[in-house]
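Asks: here is a sequence together with a model predicted from it:
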Amino acid sequence: MTKEVSLDHVWVEFENFVAVEDANLTIAGGEFFSFLGPSGCGKTTLLRCISGFQEPTLGRIRIGNHDMKGVGPNRRPTALIFQNLALFPLRSVADNIAFPLEVRGVEKRERRRRADELLEMIALPGQGDKRIDELSGGQKQRVAIARALAVKPDILLLDEPLSALDLKLRQHMRTELRAIQKQVGLTFIYITHDQGEALTMSDRVAVMSRGKIQQVADSRTIYDRPATSFVASFVGENNAFAGTVLAKDGQGITIDAGLGVPLVAALRADSGVTPAVGEPCHLFIRPEALVPMTSGSPNSFEARLVKEEFEGHMRHLLLQAGEHQLRMSLVNNGLGGSVAGADGRLTVGFVPELAVALPLGLLASA
Amino acid sequence: MTRKTGTGLIPGLYLLLFFAYLFGPLIIMVITAFNSSQFPRIRPWECFTTGWFAKLAADDKLLAGIGSSLVIGIGVIAVAIPVGLAAAILLSQVGPRLRSALYTIFIAPILVPGVVIGLSTLIFWGRIAGFLGLSYKSFLYDGTFLTILGQVTFIAAYSMLVFLSRIQRFDPTLTEAALDMGATPTQAFCKVLLPFMAPAIGSATVLAFLASLENYNTTVFTIVSGSTFTTVLASKVRYGLDPSISAVAVIIIGATLVAAILYESWRRDKARRLLPAGRRVPAAPADLWLAPVRRLTHPAFVGAMLAVVVGGSIWAGSRHDSSACEAQIMENKRALQQQFMQQQAPASPPPAATTAPVQAPASSVFAPSNLFSSPAPEPAPAPAQAPANGAFAPSGLAPSSEAPAPAGQQPAPASPFAPSNLAPSQ
Amino acid sequence: MKDFLGIRRFFAGLVERNGLAVSLYLTAAVGIWIFLLIILPQLTMFDYSFHHNLPPAKVGGPEDVYTLEHYRYFLRGSGNGSAYNVLDMSVLVRTLVAAIFVTVFDLVICYPVAFMLAKSSSAGRARLMVLALIVPYWINEILRAFAFRILFGSSGVINEFGMAVGLWGSPIDFIREDVALYAGLAYAYILLMIFPLYNAIESLDINQLEAARDMGATRLQVHTKVVIPYAKPGIASGSTMVFMLTAGALAAPEILGGPSNLWFTQIVYQWFNSGGNWPRGSAYAMILLVVCIAFVLLTMRLFKVSIGAIGR
């Protein structure tokens, strides 16, 4: 049983600021959907609206075509996994998992049977009588999921549930969460500020900033074709150049980015709003899109090597070009050798298809 | 600034002095309960006796007071605990401005003098009764009812403080989690918040009962014509110092110590069992050595040991008979008294001789008897040592220290205490 | 009307969080406490103190009018002349001065203990010390006073010891001198001083102390410049409680007080009990309450601490 969730022009205002501004989207049944954004961007508020702890100031939230206005959290078909998991410390593992059944008046033996079943599913068989504080971080995580699944909700909401885990476990849990989602086939709505989590697990991602949804798309589109300057600068590493549009035609857009040479970014059919000629704009080139070129090639410019960082599989170069500092990443091919000449200067460039031109906008602060 | 480690010499000495101040008076009081002297004191020591406890057991007034204190204590718990809990929960849910206003009101009864609470309770409910036209037989004039209300006024504030310190550690997302999983707000309250508060409910109950039992300032007003354990004790103390009061203290201190030891051993046992599996001491050889020690500190074992010790001392105490010793002391006193009378007879009696017996309890007034604490004194040298006019040594006047001291009016002998100080060491 | 709406919204918020049954319990329990037990009795007593002392039959009759006679009595005594009621006023002043003395004494002796408890003893030892502090507190107030009576009696341990060592030659009447009373009162409220101090000092980061030492502060300076300013709310809380409870004490002064030195609460009790004049007792109780609260608020204003610190 999966149900779609639709946000219909949802606004949430607090006493002196707007936490969510006109959120308008539909999450399909069975989808793994993430809200990604820095802390304070409104993603948790939106989640609390869906789970029923917060009423929107304006707009409607529908779950499977039912308007949720005035429906309390205990009567919504959603289950929330809290950031701190909120497992009940005084109850055993099995009693935690069976809690939703207990408050629905399910008889004791049946509760225990369901709890054991769910423990089986999360690969913790026979651990029902343990106390919560006897479990490891990852085990607690899985118990929280089992507890949320105990009443067979239509939608599972997850509020940064992996943030308390260490790196290795976090990466492992990503795969596991995705596997559980596939197995139970529920709609998962996932909140995170970690783009790695959002991009690896999600079918679609909504990037938020300052209460506004910036872009809703699959991971690849978010990364390759960001819709706003914020998305371009927030997701992944990016070199941003502020400049002015010199020319624009069907294939590309030519920009003066203050590097002495005009640079061209390709335009595609799916490019969204693009800046008009004469308007200020942002040009984004990812570090891995920059490559050494021979002097005088199109779309290339002179730079000076400031510093090189070696990270094993990658080499990160810090370059100075005109007023701009930029980063370039090269795959370590094992051959080594400097890319710059003896004077520390080199020519770098990019293919127009890997650059993105967007109207001037707010960047994510590093 | 030594961290963690123990204390230096000066802080150590200070602590020693501090705890001497804390426990010294109690220890001395406990010792006086076993001295057969009519006045509670350590020296001179007459006979080891358990008679004061027997006297207690026969004290109907005190027993009645304990009975009504129990009723009042239970009533106070039944009202103050729910009220204090509600106040703490409310404080945890309101905004900061209302919170500080409410907190000020809630904390006020702790600071308001007990006599003010007592008197105002009495007047207020009297007015209500008058307004309703109820007779003096109505429960609004009943001492037990009024005392429960008067005590609840401030004991609810104590229990609120206990609950508040616990509820501050409550994670409100637990309630949200319960709601999210389909619990109604009432279910979330009963299944998540209340179980979390359970330990605090336990300690607040104990605190409330003890506070109720020992309250005097408010109770003395609200109990009207009745009495409680504490008011009976207070009137006993006011009408004369009597070692049976020390005996009460022995019982209370004993009960407190037993409770403290049991609680501590229960707590340690629980803390040990709550250690997460990974951090539990592995069953190394050392553990095998420790196993018997652990069993010795197990609460059940500690409880059994305490039961044996307490039961044993009560049994031994009830069989102890000090009457022979006390008769001997009486005999000595009488002999001394007679000698004294004979000495006094020829001379004209000083005015003190007539006033003293009236002012002090007859049995213990005569100083000469107090000069000797050894059970078999030599009566002969005593009169010789005690000058006739100084025979009413100050120690003899002790039972009523407020009485004007005739001995003090007379020129003090060079060393009036010498005999009493020397006698026991002989 | 606006207030009424505010209360309704407040209650609706409670119901949303706790459900109807629990919200009713919360508001009823707290409402009864605040109104029936705290505020209304005080107001009634306040009102009562402005009435004549009338036999029940005349209450509500034509003679039952408001009067200031009980307050006038406190100031002027029974005489109609211009003389002041020096006796009762001096008792009030002496009670306050004694309460201040007891408070300061408790603060001085408890501060080192609270500090050691909070910062320089191991967890196990601290627990044991806390237990040792609490145990005497479970003993009945009357019995604690009784213990001091025995201790300070003319043949008590203190006198015997003092004379045996040769500090003084004849027994000192500690009861008459009120030494026993002060010692007993200070003893009674030690715990109420230590715990607020302990709570305040405990949250102080020990690194701050070491940093201060490292930067050249003497041990004394560490206390005066770091610990004491930090612990100010705890000091205020403990001092307020000890002061109020000492000034309002009744049992200890009855048992340990000298025959000629009254405590102000004893006068209240006398008017209530043997004096048979409840309105006057009420007036005296009000005077005690108002004077004590005014004094506490003034002192807190002086040291710049808020009332919210109390009880923490």
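Replies: Arrived safely, thanks for sending. Numbers count the residues shown, from 1 in each chain, chains lettered A, B, ... in the order given.

Asks: show me where the stretch 151-300 of chain C has its strands.
Replies: Remark: no strands are assigned in the stretch 151-300 of chain C by DSSP state E, counting those that start in this stretch.

Asks: and the residue of it closest to chain A?
Replies: With CB to the nearest CB, the shortest gap between the stretch 151-300 of chain C and chain A falls at residue C:203, namely 22.7 Å. Placement of C-beta: from N, CA and C, glycine included.

Asks: count the neighbours of that residue for me.
Replies: For residue C:203, the count of nearby residues is 11 (other CB atoms under 10 Å in any protein chain shown).

Asks: next one: it from residue B:303, what distance?
Replies: 36 Å (CB to CB, to the nearest Å).

Asks: just the CA trace of whichever strand or helix holds residue A:319, in CSV.
Replies: Assigned by DSSP states H and E, residue A:319 falls within strand A:314-321. Taking Å, rounded to 0.1, in the frame of the first residue of the first chain, the C-alpha atoms of strand A:314-321 are listed here in CSV:
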residue,chain,number,x,y,z
MET,A,314,42.5,12.4,-6.9
ARG,A,315,44.9,15.3,-7.2
HIS,A,316,43.3,18.6,-6.3
LEU,A,317,44.9,21.7,-7.7
LEU,A,318,44.3,25.2,-6.4
LEU,A,319,44.7,27.7,-9.2
GLN,A,320,44.7,31.5,-9.5
ALA,A,321,43.2,33.0,-12.7
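
Asks: ok, then the element right after it?
Replies: Next helix or strand after strand A:314-321 toward the C-terminus (DSSP H and E): strand A:324-331.

Asks: in its sheet, what does the next helix or strand after that following strand sit against?
Replies: Downstream of strand A:324-331, the next assigned helix or strand under DSSP H and E is strand A:345-349. Partners of strand A:345-349 in the sheet, by DSSP bridges, are strand A:291-292 (antiparallel), strand A:300-310 (antiparallel).

Asks: can you tell me which helix in chain A is longest?
Replies: Taking DSSP state H as the criterion, chain A has its longest helix at helix A:167-184.

Asks: in terms of helix, strand or coil, where does the closest residue to residue C:130 other than its chain neighbours fall?
Replies: Spatial nearest neighbour of residue C:130, excluding adjacent residues (CB to CB, 6 or more residues apart in numbering or on different chains): residue C:117 at 7.1 Å. Secondary structure assignment for residue C:117 (DSSP: H, G, I helix; E, B strand; the rest coil): helix.

Asks: list the contacts of residue C:117.
Replies: C:126, C:129, C:130, C:194, C:198 (CB atoms under 8 Å, 6 or more residues apart in numbering or on different chains).

Asks: ditto for residue B:246
Replies: B:29, B:30, B:32, B:33, B:40, B:52, C:146, C:150.

Asks: tally of neighbours for the nearest residue to the fifth one once chain neighbours are set aside?
Replies: Once its chain neighbours are removed from consideration, residue B:40 has its nearest residue in residue B:32; the separation is 4.0 Å (CB to CB, 6+ apart). The local packing of residue B:32 (other CB under 10 Å) involves 26 other residues.

Asks: closest point of the stretch 151-300 of chain C to chain B, which residue?
Replies: Closest approach of the stretch 151-300 of chain C to chain B (CB to the nearest CB) occurs at residue C:248, with a separation of 2.4 Å.

Asks: who are the contact partners of that residue?
Replies: Going by CB under 8 Å, 6+ apart, residue C:248 touches B:112, B:113, B:114, B:115, B:116, B:217, C:265, C:288, C:292.

Asks: quick one, what contacts the residue of the stretch 101-250 of chain A found nearest chain C?
Replies: Using CB to the nearest CB, the single residue of the stretch 101-250 of chain A nearest to chain C is residue A:103, 12.2 Å away. Residue A:103 makes contact with B:178, B:181, B:182, B:183, B:184, B:187, B:191, according to CB under 8 Å, 6+ apart.

Asks: and of the residues you listed, the nearest to residue A:32?
Replies: Comparing the contacts of residue A:103 against residue A:32 with CB to CB places residue B:181 closest, at 21.4 Å.

Asks: list the contacts for that closest one?
Replies: A:74, A:79, A:99, A:100, A:103, A:147, A:148, A:150, A:151.

Asks: re the thing from before, who are the packing partners of the longest helix of chain A?
Replies: helix A:137-149, helix A:195-201 (3 or more CB pairs under 8 Å, 6 or more residues apart in numbering or on different chains; DSSP states H and E).

Asks: could these go into a markdown table alongside mean neighbour count and distance to chain B?
Replies: Converted to a markdown table, the helices and strands packed on helix A:167-184 look like this (neighbours: other CB atoms under 10 Å in any protein chain shown; distance: least, CB to the nearest CB, whole Å):
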| stretch | mean neighbour count | distance to chain B |
| --- | --- | --- |
| helix A:137-149 | 22 | 7 |
| helix A:195-201 | 20 | 21 |
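
Asks: out of those helices, the one nearest residue B:229 is which?
Replies: helix A:137-149 (50.5 Å).

Asks: parallel or antiparallel, list what pairs with the helix or strand following that closest one.
Replies: Scanning forward in sequence from helix A:137-149 by DSSP H and E, the next helix or strand is strand A:155-159. Strand A:155-159 has the following sheet partners, assigned by DSSP bridges: strand A:78-81 (parallel), strand A:187-192 (parallel).

Asks: so which residues make contact with the helix or strand following the shortest one?
Replies: For strand A:78-81, the succeeding helix or strand toward the C-terminus, using DSSP H and E, is helix A:93-102. Counting contacts by CB under 8 Å, 6+ apart, the residues outside helix A:93-102 that touch it are A:79, A:87-88, A:91, A:106, A:110-112, A:114-116, A:118-119, A:124, A:127-132, A:135, A:143, A:146-147, A:150-151, B:178, B:181-183, B:191.

Asks: list the contacts of the residue in chain B that chain C sits nearest to.
Replies: Nearest to chain C, among the residues of chain B, is residue B:113, at 2.4 Å (CB to the nearest CB). Residue B:113 makes contact with B:217, C:244, C:245, C:247, C:248, C:265, C:285, C:288, C:289, C:292, according to CB under 8 Å, 6+ apart.

Asks: output the residues you listed as a markdown table; include the columns distance to residue A:164 and pLDDT.
Replies: Shown next, in a markdown table, are those (distance: CB to CB, whole Å; pLDDT from 0 to 100):
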| residue | distance to residue A:164 | pLDDT |
| --- | --- | --- |
| B:217 | 52 | 88 |
| C:244 | 46 | 89 |
| C:245 | 46 | 88 |
| C:247 | 52 | 88 |
| C:248 | 50 | 87 |
| C:265 | 56 | 86 |
| C:285 | 56 | 87 |
| C:288 | 55 | 88 |
| C:289 | 52 | 89 |
| C:292 | 50 | 89 |
